[in-house]
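Asks: Would you be able to build a 3D model of this:
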Amino acid sequence: MMKTVYNFAAGPAVLPQPVLQQVQDELLSYRQTGMSVMEISHRSALFQDIIDRAEAGLRRLMAIPDNYKVLFLQGGASLQFHAVPLNLATTGKVAFVDTGNWSKKAKAEADKLPHVTTTVLASSQAQQNRVIPTVPAVTDHYDYVHITTNNTIEGTTFFDLPAVGDNILVGDMSSNILAQPYRVADFGLIYAGAQKNIGPAGLTVVIVRDDLIGKVPNLPAMLDYQLQADKGSLYNTPPVFAIYTAGLVFDWLEQLGGVPAMTQINQAKAKILYDYLDQSDLFTAPVAPAYRSLTNIPFVTGNADLDAQFIDAATKAGLYNLKGHRLVGGMRASLYNAMPIAGVTTLVDFMKHFEQEVR
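Replies: From the prediction side, this is the model:
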């Protein structure tokens, strides 16, 4: 009998068991074709149905308006750090809200473009990125204002979007897409690496308002949103298996009740862990309560050796990938959509036992 383990990795992350079971069932012969989904042509009617169903499912889950394109791309969110300013920075003025590592990397990529000048509207660096900074009234015009809606390393999230005036808001939603509600129409563009809440690594979703693209000529083909939209995300061979799996995850989410139901589940999971951390004499959660992520929860003992001891003991107990990011250390539990409540309660029970043992 297979040992029960819980995977708290920040990504690639845990996938829903029903989805993995369906993948296994269909892996050798998709829809009784005798071919694996990994073998079928991306130009076939079979795959066109897969990608159409995946897009339709995502549109329903996020209530994506008709005037937004949905693109299934490759290269991860990191490639979008460069693609976004290439496509959207028509005047060359771009603004960022600095909330940690990923927003800094997005800004650094925009800074590489010679025609782009970047501005930081607000930063949480002085507070060790333990809060979401207040963004002052934005009176200048920018091609877009960029935010990272959830910070996987630092454990903070935007529950309320910043007011950016008449400017376009761009969101890196990699780690909390489909995990808490956002209104797509509040953004000009959303992008997300799939390997946290959508599916396996290799797929990136871009949701972009159609009037924002096609304004910059002679872009590299793989970075040209208009070309990718015109080709239905099929300019070249797409990540077929990842798109197939994403479609199954979208189906699973719809069966659960969609994003509203998932948000309630995620709030319940996060509450279990935060409630324990707030009363523990050993572990602490460094993020200010008003900004605490539902999906990525860092915690520490305050002693690096004890942190390492805990991570080793947890791994042996079947609680995997709790080591914090190398930039911040400590521990981190990623509670993405596919993490069951049982995983969180098992973790808290183990933490209680560990705390008693080391007293």
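Asks: any weak-confidence spans in the chain?
Replies: The chain contains residues with pLDDT under 70 at 1-2.
Asks: And the helices in it?
Replies: 17-26, 45-62, 76-88, 101-111, 225-230, 240-256, 258-279, 304-316, 341-358 (DSSP state H).
Asks: List the buried residues in the first one.
Replies: The neighbour-count criterion (16 or more other Cβ atoms under 10 Å) identifies V19, V23, E26 as the buried residues of helix 17-26. For every residue, glycine as well, the C-beta is placed using N, CA and C.
Asks: In contact with the last one, which residues?
Replies: Contact analysis of E26 by Cβ atoms under 8 Å, 6 or more residues apart in numbering lists V37.
Asks: my guess is T139 meets G165, correct?
Replies: Yes: counting by Cβ atoms under 8 Å, T139 touches G165, with 6.7 Å between them.
Asks: In terms of neighbours, single out the busier of those two.
Replies: Higher neighbour count among T139 and G165: G165, with 12 against 8, using other Cβ atoms under 10 Å.
Asks: And for the residue nearest to that one when sequence neighbours are not counted, the neighbour number?
Replies: Spatial nearest neighbour of G165, chain neighbours left out: V138 (4.5 Å); criterion: Cβ to Cβ, 6 or more residues apart in numbering. For V138, the count of nearby residues is 18 (other Cβ under 10 Å).
Asks: now V138: how far from I132?
Replies: Remark: distance between V138 and I132 (Cβ to Cβ, to the nearest Å) = 16 Å.
Asks: same check, this time on D278
Replies: Using Cβ to Cβ, D278 is found at 19 Å from I132.
Asks: Compare the two (neighbour count), which wins?
Replies: Neighbour count, other Cβ under 10 Å: between D278 and I132, I132 has more, with 27 against 11.
Asks: Double-check the more buried one against E154; I have them as touching.
Replies: No: look at I132 against E154 with Cβ under 8 Å: they stay out of range, at 9.8 Å.
Asks: list the residues that contact both of those two?
Replies: Joint contacts of I132 and E154 (Cβ under 8 Å, 6+ apart) are T99, S124.
Asks: how near is the nearest residue to A229 once chain neighbours are set aside to F47?
Replies: Leaving aside its chain neighbours, A229 sits nearest to K69 (4.5 Å; criterion: Cβ to Cβ, 6+ apart). Shown here: K69 relative to F47, a distance of 19 Å by Cβ to Cβ.
Asks: One more: R31?
Replies: Counting by Cβ to Cβ, the gap from R31 to F47 is 11 Å.
Asks: if you count what's nearby, which of those two comes out ahead?
Replies: Applying other Cβ under 10 Å to R31 and F47 shows that F47 carries more neighbours, namely 19 against 12.
Asks: could you check the distance from the closest residue to the more buried one other than its chain neighbours over to Q48?
Replies: Excluding the flanking residues, the one nearest F47 by Cβ to Cβ, 6+ apart is I40, at 5.6 Å. Computed as Cβ to Cβ, the I40 to Q48 distance reads 10 Å.
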